[in-house]
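**Student:** next input, structure requested:
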Amino acid sequence: PGLVEATVAGNTLTLDYHADQHGTATITVVGTSNAQDANDTFTVTVTPVDDAPVTANPLADLTVNEDAADSAIALGHVFNDIDDDNASITKAANSSDASLVTATVNGNVLTLAYQANQSGTATITVTGTSNGQSVSDAFTVTVAAVNDAPVVANAIADATANEDAADATVALGNVFNDLP
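**Tutor:** Alright, predicted model coming up:
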(Lines give C-alpha, C1' and ligand atoms only; values in the text may rest on other atoms or scores of the structure.)
Protein backbone atom coordinates (compact mmCIF):
# COMPACT_ATOMS: atom_id res chain seq x y z
CA PRO A 1 0.00 0.00 0.00
CA GLY A 2 1.04 3.56 -0.53
CA LEU A 3 1.78 6.18 2.04
CA VAL A 4 -1.15 8.53 1.42
CA GLU A 5 -4.14 8.74 -0.89
CA ALA A 6 -5.22 12.21 -2.07
CA THR A 7 -8.79 12.92 -3.17
CA VAL A 8 -10.53 16.14 -4.16
CA ALA A 9 -14.21 16.85 -3.61
CA GLY A 10 -15.23 20.35 -4.68
CA ASN A 11 -12.80 22.74 -3.04
CA THR A 12 -11.55 20.24 -0.43
CA LEU A 13 -8.39 18.14 -0.66
CA THR A 14 -8.42 15.10 1.64
CA LEU A 15 -5.23 13.27 2.53
CA ASP A 16 -5.95 9.70 3.70
CA TYR A 17 -2.88 8.34 5.50
CA HIS A 18 -2.42 4.57 5.37
CA ALA A 19 -1.90 2.71 8.63
CA ASP A 20 1.62 1.83 9.77
CA GLN A 21 3.27 3.64 6.85
CA HIS A 22 5.86 6.40 6.98
CA GLY A 23 8.02 8.25 4.47
CA THR A 24 7.63 11.00 1.89
CA ALA A 25 5.11 11.42 -0.93
CA THR A 26 4.73 14.12 -3.57
CA ILE A 27 1.18 15.34 -4.21
CA THR A 28 0.21 17.38 -7.27
CA VAL A 29 -3.10 19.25 -7.31
CA VAL A 30 -4.38 20.48 -10.67
CA GLY A 31 -6.78 23.41 -10.97
CA THR A 32 -8.63 23.71 -14.29
CA SER A 33 -10.60 26.64 -15.70
CA ASN A 34 -11.67 27.30 -19.29
CA ALA A 35 -9.54 24.46 -20.63
CA GLN A 36 -6.45 25.81 -18.90
CA ASP A 37 -4.84 24.40 -15.80
CA ALA A 38 -2.38 25.26 -13.07
CA ASN A 39 -0.45 22.76 -10.96
CA ASP A 40 0.60 22.96 -7.34
CA THR A 41 3.00 20.31 -6.09
CA PHE A 42 3.84 19.76 -2.44
CA THR A 43 5.53 17.15 -0.29
CA VAL A 44 3.87 15.19 2.48
CA THR A 45 6.21 13.75 5.09
CA VAL A 46 4.84 11.17 7.51
CA THR A 47 7.16 10.49 10.44
CA PRO A 48 7.20 7.09 12.11
CA VAL A 49 5.80 6.56 15.61
CA ASP A 50 6.50 3.74 17.98
CA ASP A 51 3.43 1.51 17.86
CA ALA A 52 2.48 -0.44 20.94
CA PRO A 53 2.64 -4.23 20.69
CA VAL A 54 -0.62 -6.08 20.07
CA THR A 55 -1.95 -9.47 21.09
CA ALA A 56 -1.51 -11.56 17.95
CA ASN A 57 -2.51 -14.96 19.36
CA PRO A 58 -4.54 -14.82 22.59
CA LEU A 59 -3.88 -17.51 25.18
CA ALA A 60 -6.67 -20.07 25.59
CA ASP A 61 -8.40 -20.80 28.89
CA LEU A 62 -6.98 -23.82 30.71
CA THR A 63 -8.52 -26.49 32.94
CA VAL A 64 -6.45 -28.90 35.07
CA ASN A 65 -7.14 -31.23 37.96
CA GLU A 66 -6.16 -30.40 41.52
CA ASP A 67 -2.51 -31.26 42.27
CA ALA A 68 -1.62 -31.20 38.55
CA ALA A 69 2.00 -30.89 37.47
CA ASP A 70 3.15 -27.39 36.58
CA SER A 71 2.18 -26.14 33.10
CA ALA A 72 4.72 -24.55 30.75
CA ILE A 73 3.23 -22.32 28.05
CA ALA A 74 5.25 -20.82 25.16
CA LEU A 75 4.75 -17.06 24.84
CA GLY A 76 6.90 -16.33 21.76
CA HIS A 77 3.88 -16.16 19.44
CA VAL A 78 1.42 -14.28 21.69
CA PHE A 79 2.47 -10.66 21.03
CA ASN A 80 3.51 -8.75 17.90
CA ASP A 81 5.15 -5.35 17.50
CA ILE A 82 4.99 -4.07 13.93
CA ASP A 83 7.96 -1.74 14.33
CA ASP A 84 10.22 -3.77 16.60
CA ASP A 85 11.77 -7.20 16.69
CA ASN A 86 9.29 -9.49 18.45
CA ALA A 87 12.17 -11.19 20.24
CA SER A 88 12.75 -7.96 22.15
CA ILE A 89 9.25 -7.95 23.66
CA THR A 90 9.58 -8.66 27.38
CA LYS A 91 6.88 -10.65 29.13
CA ALA A 92 5.57 -10.68 32.69
CA ALA A 93 2.63 -12.44 34.32
CA ASN A 94 0.52 -12.41 37.46
CA SER A 95 -2.24 -14.51 38.95
CA SER A 96 -5.43 -13.18 40.49
CA ASP A 97 -5.18 -15.97 43.10
CA ALA A 98 -1.64 -17.02 44.03
CA SER A 99 -3.05 -19.38 46.68
CA LEU A 100 -4.43 -21.44 43.76
CA VAL A 101 -1.83 -20.96 41.01
CA THR A 102 1.29 -18.82 40.68
CA ALA A 103 2.48 -17.44 37.34
CA THR A 104 6.13 -16.77 36.49
CA VAL A 105 7.85 -15.94 33.19
CA ASN A 106 11.37 -16.90 32.22
CA GLY A 107 12.21 -15.61 28.74
CA ASN A 108 9.35 -16.76 26.51
CA VAL A 109 7.99 -19.45 28.85
CA LEU A 110 5.11 -18.95 31.27
CA THR A 111 5.08 -21.44 34.14
CA LEU A 112 1.88 -22.05 36.06
CA ALA A 113 2.51 -23.72 39.43
CA TYR A 114 -0.60 -25.22 41.03
CA GLN A 115 -0.76 -25.16 44.82
CA ALA A 116 -1.37 -28.45 46.64
CA ASN A 117 -4.93 -29.47 47.50
CA GLN A 118 -6.49 -26.30 46.05
CA SER A 119 -9.29 -25.93 43.52
CA GLY A 120 -11.06 -22.95 41.98
CA THR A 121 -10.58 -20.33 39.28
CA ALA A 122 -7.91 -17.68 38.71
CA THR A 123 -7.26 -15.14 35.99
CA ILE A 124 -3.73 -15.10 34.61
CA THR A 125 -2.67 -11.81 33.01
CA VAL A 126 0.36 -11.83 30.72
CA THR A 127 1.84 -8.46 29.68
CA GLY A 128 4.11 -7.86 26.70
CA THR A 129 6.24 -4.69 26.74
CA SER A 130 8.18 -3.18 23.84
CA ASN A 131 9.92 0.21 23.94
CA GLY A 132 8.00 1.21 27.06
CA GLN A 133 4.57 0.38 25.62
CA SER A 134 2.53 -2.59 26.79
CA VAL A 135 -0.38 -4.83 25.94
CA SER A 136 -1.95 -7.53 28.12
CA ASP A 137 -3.74 -10.80 27.47
CA ALA A 138 -5.76 -12.53 30.19
CA PHE A 139 -7.05 -16.07 30.37
CA THR A 140 -8.82 -18.22 32.96
CA VAL A 141 -7.29 -21.18 34.75
CA THR A 142 -9.75 -23.58 36.33
CA VAL A 143 -8.39 -26.11 38.81
CA ALA A 144 -10.96 -28.89 39.24
CA ALA A 145 -11.31 -30.57 42.64
CA VAL A 146 -10.48 -34.28 42.87
CA ASN A 147 -11.52 -36.81 45.50
CA ASP A 148 -8.36 -37.21 47.58
CA ALA A 149 -7.75 -40.46 49.44
CA PRO A 150 -7.77 -40.16 53.23
CA VAL A 151 -4.41 -39.95 54.99
CA VAL A 152 -3.14 -41.04 58.41
CA ALA A 153 -3.05 -37.87 60.47
CA ASN A 154 -2.17 -39.40 63.86
CA ALA A 155 -0.73 -42.88 63.76
CA ILE A 156 -1.90 -45.39 66.32
CA ALA A 157 0.86 -46.08 68.81
CA ASP A 158 2.19 -49.62 69.16
CA ALA A 159 0.50 -51.49 72.00
CA THR A 160 1.95 -53.92 74.52
CA ALA A 161 -0.23 -56.13 76.73
CA ASN A 162 0.31 -58.91 79.21
CA GLU A 163 -1.11 -62.32 78.57
CA ASP A 164 -4.76 -62.56 79.71
CA ALA A 165 -5.05 -58.75 79.90
CA ALA A 166 -8.45 -57.09 79.66
CA ASP A 167 -9.63 -55.89 76.27
CA ALA A 168 -8.33 -52.46 75.20
CA THR A 169 -10.06 -49.78 73.14
CA VAL A 170 -8.45 -47.28 70.78
CA ALA A 171 -10.20 -44.03 69.76
CA LEU A 172 -10.01 -43.62 66.00
CA GLY A 173 -11.63 -40.16 65.73
CA ASN A 174 -8.42 -38.29 64.96
CA VAL A 175 -6.38 -41.05 63.29
CA PHE A 176 -7.48 -40.33 59.70
CA ASN A 177 -7.98 -37.11 57.80
CA ASP A 178 -9.91 -36.74 54.56
CA LEU A 179 -8.58 -33.84 52.50
CA PRO A 180 -11.16 -31.59 50.88
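**Student:** next, the contact list for Thr111, please.
**Tutor:** Taking CB atoms under 8 Å, 6 or more residues apart in numbering as the definition of contact, the neighbours of Thr111 are Asp70, Ser71, Ala72, Ile73, Ala103, Thr104, Val105. (C-beta placed from N, C-alpha, C; glycine too.)
**Student:** what about the last one, how many residues nearby?
**Tutor:** Spelled out, it's Val105. 17 (other CB atoms under 10 Å).
**Student:** so it bridges to which residues?
**Tutor:** According to DSSP bridges, the residues that bridge with Val105 are Leu110.
**Student:** now the third one
**Tutor:** For Ala72, the residues forming beta bridges with it (DSSP bridges) are Thr111.
**Student:** what about Ile73, how many residues nearby?
**Tutor:** Summarising burial for Ile73: neighbours were counted as other CB under 10 Å, giving 19.
**Student:** sorry, back to before: out of the contacts of Thr111, which end up buried?
**Tutor:** Ile73, Ala103, Val105 (16 or more other CB atoms under 10 Å).
**Student:** need the residues you listed in TSV with pLDDT and distance to Asn131, can you?
**Tutor:** Compiled in TSV, the buried ones among the contacts of Thr111 are given as follows (pLDDT from 0 to 100; distance: CB to CB, whole Å):
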residue	pLDDT	distance to Asn131
Ile73	98	24
Ala103	98	24
Val105	98	19
